[in-house]
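# Coordinates for the following, if possible.
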Amino acid sequence: MLDRSEIRFLPLGARRVAYEIRGNGPPVVAPAWWVSHLELDWQSAGFRRFWQGIADEHTLIRYDRLGVGMSDRTVRESDLTIDGEVATLRALLDELELERVSLIGGSCGSCTAVAFAAMFPERVDRLVLYGSYSDGAAIAAPSVTDAILAAVRAHWGLGSRLLSDLFLGGAEPAEHERFARFQREAATAETAAALLEFVYRLDVRGYLPQVRQPALVVHRRDDRAVPYRLGREVAAAIPGATFIPLQGSAHFPWHGDADSVVRACREGLAPEQTSHEEAEPEKVLLSNREREILACVARGLSDREIAEHLVLSSHTVHRHVANIRRKLGRTSRTAAVAEAARLGLL
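Residues are numbered from 1 along each chain as shown. Got it, this is the predicted structure:
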């Protein structure tokens, strides 16, 4: 169950990123959307139901990007790059000592998920993308995006209602008003406009062919915020990706027919079945070097300390640790050591 929440803070220099952990099981990380608020998000019944359906029997990890929600509200122009987004996600996984996770990237969070999966393939198990795109400039004509940005900057009350109409489709008036108010509480007009501008200039097209993990791309046919064709292009460019088109116009997956989105995403997160025999000690083939490194991990040494002890590069040690975890079927160093002990490998 995901009812119990732990909100913590990740130091990034002098600032802090708020993140939330819910549930138990294999870790699923949702890279930050445009604006969010870890506390206020969960007050929405539709939001709760959606994520409870997605991440049941998983550990769900979400975070507010710098400038919004419960994170420090100072955001700089230098923060707004895809490298900055990837660095934040990597720092969070390092903080939690998560060597390998599944990523569920929605909207602009899909760009972060794609780039991270391409840059650090050893740290991503599976990739699920919803309402995704790879080229922000293709979302709408410049005249349209300029008008949206101008409205947000000029009058955040009117701008937030304009964005609510764009994101929620045919939701009830009360829901539109609630979401407009939520946006104003989650970010200032200046930050909201800066982040929207960032959304429209993101470009991860070069990363798509480098993704090698099992990938599922889900997109509603009449999405009002990110056109359907952009999701299809993402799926077509990722080798072996599966594309699931759904009916509906709301950009946010917890609006409209949320159950169909949940079913599709759950399919993408489902692990491949392994037989009991495959988990027996004789089937877990670790090289001599991997056994050396595993013994060091069991002693509590960091990658840097292992590298110094075995005269290897930290990158080589990190790659070996990732392979050990994969072979043992565990997502963290601690769990891998426990499994290795159970199998008599230590």
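# tell me the domain boundaries of this protein?
Split into domains by automatic domain parsing, the chain comes to 5-142+201-269, 276-342.
# Report the distance from the shortest one to the chain centre.
Looking back up the chat, that one is domain 276-342. 25 Å (C-alpha atoms, centre = their mean, to the nearest Å).
# Number the residues from 347 up from this point.
Renumbered: residue one is now 347, and that last one reads domain 622-688.
# Now do that domain, average pLDDT.
With pLDDT averaged residue by residue, domain 622-688 scores 81.
# before we move on, the earlier item: worst mean pLDDT among the domains of the chain?
Among these, domain 622-688 scores lowest, with a mean of 81.
# So which residues of the stretch 447-596 of the chain form helices?
Secondary structure of the stretch 447-596 of the chain by DSSP state H, counting those that start in this stretch: the helices cover 454-465, 488-500, 502-514, 519-532, 535-547, 574-583.
# hang on, the earlier thing: could you identify which of the domains of the chain is most buried?
domain 351-488+547-615 (a mean of 19; mean count of other C-beta atoms under 10 Å). No exception for glycine: its C-beta is placed from N, CA and C like everyone else's.
# Output the helices of the stretch 447-596 of the chain as JSON lines; include the columns distance to residue 679.
Listed next are the helices of the stretch 447-596 of the chain as JSON lines, based on distance: least, C-beta to C-beta, whole Å:
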{"stretch": "helix 454-465", "distance to residue 679": "19"}
{"stretch": "helix 488-500", "distance to residue 679": "44"}
{"stretch": "helix 502-514", "distance to residue 679": "39"}
{"stretch": "helix 519-532", "distance to residue 679": "35"}
{"stretch": "helix 535-547", "distance to residue 679": "34"}
{"stretch": "helix 574-583", "distance to residue 679": "32"}
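# Let's have the domains of the chain in JSON lines, adding distance to residue 536.
Listed next are those as JSON lines, based on distance: least, C-beta to C-beta, whole Å:
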{"stretch": "domain 351-488+547-615", "distance to residue 536": "9"}
{"stretch": "domain 622-688", "distance to residue 536": "39"}
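# Out of those, flag the one nearest residue 505.
The closest of the domains of the chain to residue 505 is domain 351-488+547-615. By C-beta to C-beta, the value is 12.1 Å.
# Got the phi and psi for residue 571?
Dihedral pair for residue 571: phi -100, psi -40, per degrees, to the nearest 10.
# cool, and residue 354?
The phi/psi pair for residue 354 (degrees, to the nearest 10) is phi -130, psi 180.
# Nearest residue to it in space, please, no chain neighbours.
In space, and not counting its chain neighbours, residue 354 is closest to residue 365: 5.9 Å by C-beta to C-beta, 6 or more residues apart in numbering.
# hang on, the earlier thing: nearest to residue 529 among the domains of the chain would be which one?
In terms of C-beta to C-beta, the element of these nearest to residue 529 is domain 351-488+547-615, at 6.0 Å.
# Okay, the closest residue in space to residue 587 that isn't next to it in sequence and residue 360: tell me how far apart.
Nearest non-adjacent residue to residue 587, counting by C-beta to C-beta, 6+ apart: residue 561, 4.1 Å away. Distance from residue 561 to residue 360, counting by C-beta to C-beta, to the nearest Å: 36 Å.
# Could I have the CA atoms of stretch 437-455 written out in CSV?
Below are the C-alpha coordinates for stretch 437-455, written out as CSV (Å, rounded to 0.1, in the frame of the first residue of the first chain):
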residue,chain,number,x,y,z
ALA,A,437,22.0,12.3,-7.2
LEU,A,438,18.7,11.1,-5.9
LEU,A,439,19.4,7.4,-6.8
ASP,A,440,22.9,7.7,-5.2
GLU,A,441,21.4,9.2,-2.1
LEU,A,442,19.0,6.2,-1.8
GLU,A,443,21.7,3.8,-2.8
LEU,A,444,19.6,2.5,-5.6
GLU,A,445,21.8,0.9,-8.2
ARG,A,446,19.0,-0.1,-10.6
VAL,A,447,15.3,1.2,-10.9
SER,A,448,12.4,1.3,-13.3
LEU,A,449,11.5,4.8,-14.6
ILE,A,450,8.0,6.0,-15.4
GLY,A,451,8.4,9.3,-17.2
GLY,A,452,5.4,11.5,-17.9
SER,A,453,5.2,14.6,-20.1
CYS,A,454,8.5,16.5,-19.8
GLY,A,455,9.6,13.9,-17.2
